[in-house]
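Participant: 3D, please:
(2 chains)
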Amino acid sequence: QKEVEQNSGPLSVPEGAIASLNCTYSDRGSQSFFWYRQYSGKSPELIMFIYSNGDKEDGRFTAQLNKASQYVSLLIRDSQPSDSATYLCAAGPGNTGFQKLVFGTGTRLLVSP
Amino acid sequence: EPEVTQTPSHQVTQMGQEVILRCVPISNHLYFYWYRQILGQKVEFLVSFYNNEISEKSEIFDDQFSVERPDGSNFTLKIRSTKLEDSAMYFCASMERAKNIQYFGAGTRLSVL
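Facilitator: Numbers count the residues shown, from 1 in each chain, chains lettered A, B, ... in the order given. A predicted model of the protein is given here:
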């Protein structure tokens, strides 16, 4: 059974702080990893994707991947109240078209003003 | 910006009735997906579709479910005889192969009474 595990939270951080969200996955065949943001009652919105070991930065967001440890993380710098949402980690099989994503349960982030 | 469009946004039906959920994927995308999310639970893969056929389906996608691309733009999910446990948000996603990223529609909330 392919699983993606996340701490459900909530993770509470003050405005301006760094939020660190973590995710582990069980399937070593997973090659592509995605972070989606989901506001309550809304659909997942892509924030970041990462395929290679190391860090990938995009604005205030940094995704980190360690395939040896089967670990993915998302750092949000200068957190804003509007970042308050559930962050979903998803794993996919790789660079193929048949990209069944396996999602974690999500981590709820609360950024207080 | 192109987006995946889903209709209706909310569907209420009686147990045992058939429902059809509709999706218009992004126009140059070739890979299509349905996921569902029961309230408070994780996003779960249902089915992927490419070149007018199902490429993969989950255990959830039993004989009561079917998908179709009836024309060049629509992608539908049919549930033949709805059960109470089919109540969930259903998300359609589409992907352009070159980018390997799935974009989600806003979802259809299905309520089975």
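Participant: show me where pLDDT drops low in chain A?
Facilitator: Within chain A, the set of residues satisfying pLDDT under 70 comprises A:94-98.
Participant: enumerate the residues of it near chain B.
Facilitator: A:32, A:34, A:36, A:42-46, A:49, A:88, A:90, A:92, A:95, A:97-106 (CB under 8 Å from any CB of the partner chain). All C-beta atoms are positioned from the backbone trio N, CA, C, and that covers glycine.
Participant: hmm, which of those residues are the buried ones?
Facilitator: When neighbours are counted using 16 or more other CB atoms under 10 Å in any protein chain shown, those contain these buried positions: A:32, A:34, A:36, A:43-44, A:49, A:88, A:90, A:92, A:99-106.
Participant: what sits against the most far-flung residue of chain B relative to its centre?
Facilitator: For chain B, the C-alpha farthest from the mean C-alpha position belongs to B:Ala98; by CA atoms, centre = their mean, that distance is 22.0 Å. By CB atoms under 8 Å, 6 or more residues apart in numbering or on different chains, the contact list for B:Ala98 is empty.
Participant: pLDDT value on it, please?
Facilitator: pLDDT, the model's per-residue confidence, is 72 for B:Ala98.
Participant: quick one: classify it as helix, strand or coil.
Facilitator: Using DSSP: H, G, I helix; E, B strand; the rest coil, the three-state assignment for B:Ala98 comes out as coil.
Participant: now B:Tyr31: closest residue in space, sequence neighbours ignored.
Facilitator: In this structure, B:Tyr31 finds its nearest non-sequential neighbour in B:Met95, 4.2 Å apart by CB to CB, 6 or more residues apart in numbering or on different chains.
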